[in-house]
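Asker: Just to be clear, the model below is a prediction. Sequence and coordinates:
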Amino acid sequence: DFFGRAKKSDNKKDYFCNSFAINCSMNFFSTKPTDDANFRTLLPSWEKSEEQIDQRLTSFNSRYTFSAKEKDIETGYSYFGARYYTSDLSIWLSVDPMSDKYPSLSPYNYCANNPIKLIDPNGMDIELTFYRGSNGENSQNEFTKTVNGGLGGQFEAYYSKGKNGGYLLNLKATEGGGDVSKMSPESKAFYNELKGMIDDHNTTSEVNVKCGSSKVVIGDFTKSTIDIGDINQFDNMRKGAATKQGKLIHELSEQFGKAKGMSYNSAHQKGINAENRVNASTRGKESYQRGYMRQEYMKNGSTTIYNFNTSNPIIRVTKSY
């Protein structure tokens, strides 16, 4: 209780939380002897980081402790989905599957030993190669703005060096952010789709990102190329039935499927499904003519038709209802 005491009373239960030092001690208990509550102490990481002291007033025993992850009953380890964590040693029990890409870091580390700023990209690698646009546009800046624009201010994109000379896409919490519950359903869908592709270490999807290419219209499955200039001609998140984030996730999902060995038709349908979730709409019929494309989207009982003029390096999109 050297640094303060917090007390909350709801007329039924009183709780106290004592904090001796950052990452040193945290106590949680109820003053009512009949309550189902635990008393736990968090000690320094060089001792035993999670349960040095564990006292109970009743038989109640929570399997969720400070990590908010479920403890395995048989082993006593915390299960994080991809790896088990031991509180006794404050390390993972198996190596990071991508450890060969980061030889300067311990293979047992968590998100480069910086859990305050970063979240663990424990999955699919998306390696991007950025190209300057025909008029000098910075495709990386445009790509980053589109990604960040779909994350509701809670997360943002950052990049690390890829093994093939490109940039690995990762996500981190913004300052004061990182709360998925504060995101809109569309932003949450975008985050989940994007993180789902990042979270699979078994495959690396290599994608070329261009801006204003006369040879690519939105995306080219065969060439593993997307045009962020075309993608950014669509609506902003939650401002229409076909958004730039929906188009981006469609193209990335297609490339993810391709890297997994899917045919174009299967990967394309995968992309449509992901796009629908992000747009909160349903993509319908589409038609193609020389220099023009037409796609229908249904949302909230109405249909919006998006017409693309593809005769210019960056497409021009108009809408009709």
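Answerer: Nice, thanks for sending it over.
Asker: tell me the pLDDT at residue 28?
Answerer: According to the prediction, residue 28 has pLDDT 43.
Asker: If you count neighbours, what's buried in stretch 202-215?
Answerer: 204-213 (16 or more other C-beta atoms under 10 Å). The way it works is simple: take the backbone N, C-alpha and C, and place the C-beta from them, glycine included.
Asker: and the closest residue to residue 295 other than its chain neighbours, what does it touch?
Answerer: Closest residue to residue 295 apart from its sequence neighbours, by C-beta to C-beta, 6 or more residues apart in numbering: residue 286 at 4.4 Å. Residue 286 is in contact with 293-296, counting by C-beta atoms under 8 Å, 6 or more residues apart in numbering.
Asker: again, but for residue 273
Answerer: Residue 273 neighbours (C-beta under 8 Å, 6+ apart): residue 253.
Asker: What is the neighbour count of the spatially closest residue to residue 243 that is not a sequence neighbour?
Answerer: Among residues not flanking residue 243 along the chain, residue 235 sits closest, at 4.8 Å (C-beta to C-beta, 6+ apart). As a burial measure, residue 235 scores 20 neighbours (other C-beta atoms under 10 Å).
Asker: now do residue 267
Answerer: Counted with other C-beta under 10 Å, the neighbours of residue 267 add up to 20.
Asker: Now the one helix or strand it maps to: buried residues?
Answerer: Element membership for residue 267, per DSSP states H and E: helix 264-279. Using 16+ other C-beta under 10 Å as the test for burial, helix 264-279 gives 267-268, 270-272, 274-279.
Asker: Any stretches of the stretch 151-300 of the chain with poor pLDDT?
Answerer: By pLDDT under 70, the weakly predicted segments of the stretch 151-300 of the chain are 201.
Asker: all strands of it, in order?
Answerer: 155-161, 167-173, 204-210, 219-220, 225-227, 282-289, 292-299 (DSSP state E, counting those that start in this stretch).
Asker: Next, give me the two most distant ones among the buried residues of stretch 202-215.
Answerer: 204 and 212 (26.4 Å; C-beta to C-beta).
Asker: related to what we said a few turns ago, tabulate the strands of the stretch 151-300 of the chain (TSV), appending distance to residue 242.
Answerer: TSV is the format used below for the strands of the stretch 151-300 of the chain (distance: least, C-beta to C-beta, whole Å):
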stretch	distance to residue 242
strand 155-161	22
strand 167-173	23
strand 204-210	20
strand 219-220	14
strand 225-227	16
strand 282-289	8
strand 292-299	5
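Asker: Identify, out of those strands, the most deeply packed stretch.
Answerer: Counting by mean count of other C-beta atoms under 10 Å, strand 225-227 has the highest mean neighbour count of the strands of the stretch 151-300 of the chain, with a mean of 26.
Asker: which other residues reach that one?
Answerer: Looking at strand 225-227 with C-beta under 8 Å, 6+ apart, the contacting residues turn out to be 207-213, 216-220, 248, 251-252, 255, 314.
Asker: pretty sure the residue nearest to residue 243 is touching residue 245, no?
Answerer: No: Residue 235 is beyond contact range of residue 245, at 9.2 Å (criterion: C-beta atoms under 8 Å).
Asker: quick one: terminal-to-terminal distance for stretch 285-301?
Answerer: 16 Å (C-alpha to C-alpha, to the nearest Å).
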